[in-house]
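>>> just a sequence and a predicted model for now, questions to come.
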Amino acid sequence: YPLCALPPTTKQWYQRRVHGESNTGATVMDLKFFSFWIFLLSCSSGILGGDLSLYEYFQGDGINEGLTANGDEFKLNGKDLKILSGSLHYFRVHPSFWKTRLQQYKAAGLNTVDVYVPWNLHEPQRGEFDFGGGSSQFSPFLNLTLFLEMIREEDMFALLRPGPYICGEWEFGGLPSWLLHDHPMYFRSSFGPYQERAEILLHEIISRVKHLQFYTESGSKGGPLIMTQIENEFGNYGYGDHPRDKEHLKFLKSVLRQEGIETLLFTSDTPTLTGDWGNIDYELMTANFKWKSLEELERLKEIRPNAPILVSEFWPGWFDHWFEPNHEILSEEDFRGILGNIFNFNGSVNFYMFHGGTNFAFMNGANVIGFGGAEVAPNYEADVTSYDYDAPLTESGHYTAKYNATAEMIAAYDPLYDLLSHPPRPAIAPASTYSDVTFTEFIPYWDIIEKIPEQFREVLAKPTPMEKLDINNGNGQSYGYIVYRKTLPLLPGMVLKIRGHPRDLVQVMINGVEVNPPVLTVGDLMKNFGSFGLRDAEFELLSHLDGCEAGCTLDLMVENLGRANFGSPHNFQQLKGLWEGDVLLDDQPLDDWEHIAVEMKPEWLATLDNWQPYSLEDNLHFGPRLLKGTLTVDVPTPENGLLPDTFFDYDCDEGCMDWKHGAVFVNGFNIGRYHQAGPQKSLYIPGPLLHQGENTIIVFENYLGSDVMKFTNIPNYGVPVTQV
């Protein structure tokens with residue numbers, strides 16, 4: 001999209017969003033006359049304001065103290081600072097885009113970047129740490145030190161949120177699933193085994209970043225780190241107004257200090273809901289909100305009258321769940337109103353998110369439906385793959401009307417704006433529509449399971465969750481699918497029953513053929529056997545039973561759709577698979593199940609050698625399968641060496657609707673899940689994952705699939721709606 005051209009109106013909502021229109025379709029051209037000329041001047045000159053860098057101004061003749069929060073203003077090295085920050089999750093953004101995204105933040109007038117640290121990526125197995133040197137697909141994303149150094153290079157500060165729990169609509173709130181392997185485990189508490197592992201994690205993180213603090217008495221100075229969070233939304237972690245486990249917060253604070261963190265510490269919660277229940281020792285208390293901004297700001301000031309205001313999470317959009325009817329957004333008008341209220345309170349702000357990115361692989365979070373321990377059917381909803389968030393920068397990094405509004409309002413609000421230099425906005429290349437992929441090879445379900453090595457198989461008396469399996473060096477299974485297999489006589493009319501809820505999605509196979517109906521719509525959630533929404537569900541076996549009097553293989557394949565990242569303490573005891581009760585056949589419990597872990601890791605996919613010629617016409621029955629095809633890229637390579645982004649379109653008119661539900665791997669990289677239930681109907685493929693020539697596309701499709709994959713340059717997140 002041209003950097004300085006005022007874009008034209010188009011028919012697509014996404015294009016309206018990027019080009020500055022509201023969700024109603026009316027063009028938002030009500031910027032003030034002054035703002036219009038600010039925009040033109042920024043385009044023509046590239047830089048507004050003075051010549052000083054942020055660090056030149058705040059370092060001055062020397063650094064004598066860090067960030068303080070006394071009175072109405074933050075002070076850094078004794079000088080007033082309005083914190084104007086945006087969250088950027090390095091693990092949701094391809095590293096090739098880090099520098100550009102940071103430059104986009106800086107060009108909007110932001111001076112700080114908010115950084116979450118996900119425990120489950122940095123310690124995927126107990127005692128195995130990955131900060132960029134590992135072998136997983138995420139390893140190139142995990143050089144935290146490099147990311148913070150890059151923030152410094154782009155002339156911004158950093159707020160560090162090291163966990164151990166981060167929420168963030170990320171799988172299990174960033175907690176590693178191997179913590180569930182041992183029982184009992186009490187998360188986010190003073191429980192010794194949990195705190196022991198949390199302390200080890202914080203040591204690993206802090207040892208890599210403590211030299212990057214802006215000020216330390218011990219000598220390290222001039223780095224980007226100015227604030228550190230103790231824990232995340234801890235006031236919400238409990239029941240009603242019962243006291244929270246503040247001893248755990250004190251423990252985390254002591255670990256941060258002992259390991260060498262000397263920055264200002266803070267906590268974050270929603271003041272009208274939980275007051276200061278998640279705060280200790282009168283450390284800086286901050287606010288998280290979207291709606292009722294005035295009430296939240298007033299309540300924060302009431303609780304902390306002698307401290308500056310920081311909205312640590314202003315939510316400029318929201319996230320979506322599979323099976324929801326719409327893509328949730330926040331209008332530009334409401335965005336401006338909320339930000340204006342924060343500025344009218346002389347507040348500092350962090351936009352959560354300023355750029356959302358993507359829940360690659362199986363790392364999306366989920367939510368328990370309900371509040372305060374009371375749950376509502378279907379009890380659970382998994383987050384979609386896109387984390388676009390309706391943020392000021394789109395999932396693929398394009399500018400929006402909210403970005404323009406942010407730049408305009410910061411320029412008018414920041415007292416230092418005219419003193420400091422401001423770079424031009426980086427140009428962002430448009431996405432591309434690549435040629436179709438034809439799928440010529442496949443592996444049917446039965447042959448997929450036959451390729452699972454023996455070390456990922458285990459016979460246990462009762463159905464056991466994936467986390468409890470004795471695999472991966474005693475860490476259990478974290479993600480993917482688990483198959484419960486048993487060979488036994490089966491007769492028409494027999495009734496299969498799963499006690500409790502399956503966690504999460506079950507497909508019933510007899511000799512490798514699926515026999516239960518798929519879960520494709522919101523109506524299926526409370527009707528079709530295998531849905532997580534049903535408790536103690538029953539299914540009558542009627543088909544594909546020829547010859548089963550002597551014995552057939554019954555498989556129950558269960559997909560982990562993502563662990564909830566937010567909830568009450570009991571919600572964190574969320575094991576995946578079948579475990580809440582027996583599996584029964586005609587009311588008789590079935591024991592001695594073979595458990596088969598189907599982790600669907602890219603390195604395992606690369607070893608498969610039993611591909612067969614594929615014909616869609618011969619495979620129109622429902623059932624899991626792997627499909628393989630080739631995307632041929634033959635386009636001019638841009639100067640930066642990165643090919644254009646694109647989007648897998650599974651909502652087009654020709655064949656796309658046959659893509660029901662599954663996951664896509666591009667050159668061995670799992671870009672995430674898709675589902676016809678929506679609202680999301682496209683999957684983002686970052687250009688850096690592609691190369692000139694032949695690119696291998698593999699799809700694990702749960703139900704059907706097509707023989708053609710189509711691409712689009714316009715994402716489809718569903719019909720937008722503003723929800724209050």
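That came in fine, so what should we check first? Keep in mind the model is a prediction, meaning the values are calculated, not measured.
>>> ok, F572 - contacts?
If you count contacts by C-beta atoms under 8 Å, 6 or more residues apart in numbering, F572 has them with 172, 175, 187-188, 564. The C-beta positions use only the backbone N, C-alpha and C, and glycine is treated the same way.
>>> of the residues you listed, closest to L264?
The shortest gap between L264 and any of the contacts of F572 belongs to R188, at 22.4 Å (C-beta to C-beta).
>>> quick one on the thing from earlier: now the two most distant members of the contacts of F572.
Spatially, the most separated pair among those is R188 and A564, at 13.2 Å (C-beta to C-beta).
>>> more neighbours, those two?
Neighbours per residue (other C-beta atoms under 10 Å) separate R188 from A564, with R188 holding more: 24 against 20.
>>> now do that one, the pLDDT please.
Per-residue confidence for R188 comes out at a pLDDT of 98.
>>> P569 is in contact with that one, correct?
Yes. The criterion here is C-beta atoms under 8 Å, and R188 meets it with P569 at 7.5 Å.
>>> overlap in contacts of the two?
Counting by C-beta under 8 Å, 6+ apart, the residues touching both R188 and P569 are Y237.
>>> what about this structure, any weak spots by pLDDT?
Within the chain, the stretches falling below the threshold (pLDDT under 70) are 1-49, 372-373.
>>> alpha carbons of the helix of greatest length in it, as PDB, please.
Among the elements of type helix in the chain, defined by DSSP state H, the one spanning the most residues is helix 192-209. What follows is the C-alpha trace of helix 192-209 in PDB, where atoms were taken according to Å, rounded to 0.1, in the frame of the first residue of the first chain:
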ATOM      1  CA  GLY A 192       6.700 -25.700  46.200                       C
ATOM      2  CA  PRO A 193       7.100 -27.700  43.000                       C
ATOM      3  CA  TYR A 194       5.600 -25.000  40.900                       C
ATOM      4  CA  GLN A 195       7.700 -22.200  42.500                       C
ATOM      5  CA  GLU A 196      10.800 -24.300  42.100                       C
ATOM      6  CA  ARG A 197      10.300 -24.500  38.300                       C
ATOM      7  CA  ALA A 198       9.300 -20.900  38.100                       C
ATOM      8  CA  GLU A 199      12.500 -19.800  39.800                       C
ATOM      9  CA  ILE A 200      14.600 -21.800  37.400                       C
ATOM     10  CA  LEU A 201      12.800 -20.200  34.400                       C
ATOM     11  CA  LEU A 202      13.300 -16.700  35.700                       C
ATOM     12  CA  HIS A 203      16.900 -17.400  36.300                       C
ATOM     13  CA  GLU A 204      17.300 -18.500  32.600                       C
ATOM     14  CA  ILE A 205      15.500 -15.400  31.300                       C
ATOM     15  CA  ILE A 206      17.100 -12.800  33.600                       C
ATOM     16  CA  SER A 207      20.600 -14.100  33.000                       C
ATOM     17  CA  ARG A 208      20.100 -13.300  29.300                       C
ATOM     18  CA  VAL A 209      18.600  -9.800  29.700                       C
END
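>>> from the chain's centre, how far out does it sit?
The chain centroid and the centroid of helix 192-209 are separated by 22 Å under C-alpha atoms, centre = their mean, to the nearest Å.
>>> show residues contacting that helix.
When contacts are defined by C-beta under 8 Å, 6+ apart, helix 192-209 is touched by residues 117, 119, 122-123, 126-127, 129, 131, 144-145, 148, 160, 162-164, 179, 182, 185-189, 225, 248, 251-252, 255-256, 259-261.
>>> need the contacts of F572 in JSON lines with secondary structure, can you?
Supplementary listing: these in JSON lines, determined by DSSP: H, G, I helix; E, B strand; the rest coil:
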{"residue": "F172", "secondary structure": "helix"}
{"residue": "L175", "secondary structure": "coil"}
{"residue": "F187", "secondary structure": "coil"}
{"residue": "R188", "secondary structure": "coil"}
{"residue": "A564", "secondary structure": "coil"}
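>>> and which of those residues is nearest to F700?
For F700, the closest of these turns out to be F172, at 21.6 Å, with distances computed as C-beta to C-beta.
>>> number of residues surrounding the spatially closest residue to Y186 that is not a sequence neighbour?
Leaving aside its sequence neighbours, Y186 sits nearest to Y194 (C-beta to C-beta, 6 or more residues apart in numbering; 6.1 Å). Using other C-beta under 10 Å, Y194 has 19 neighbouring residues.
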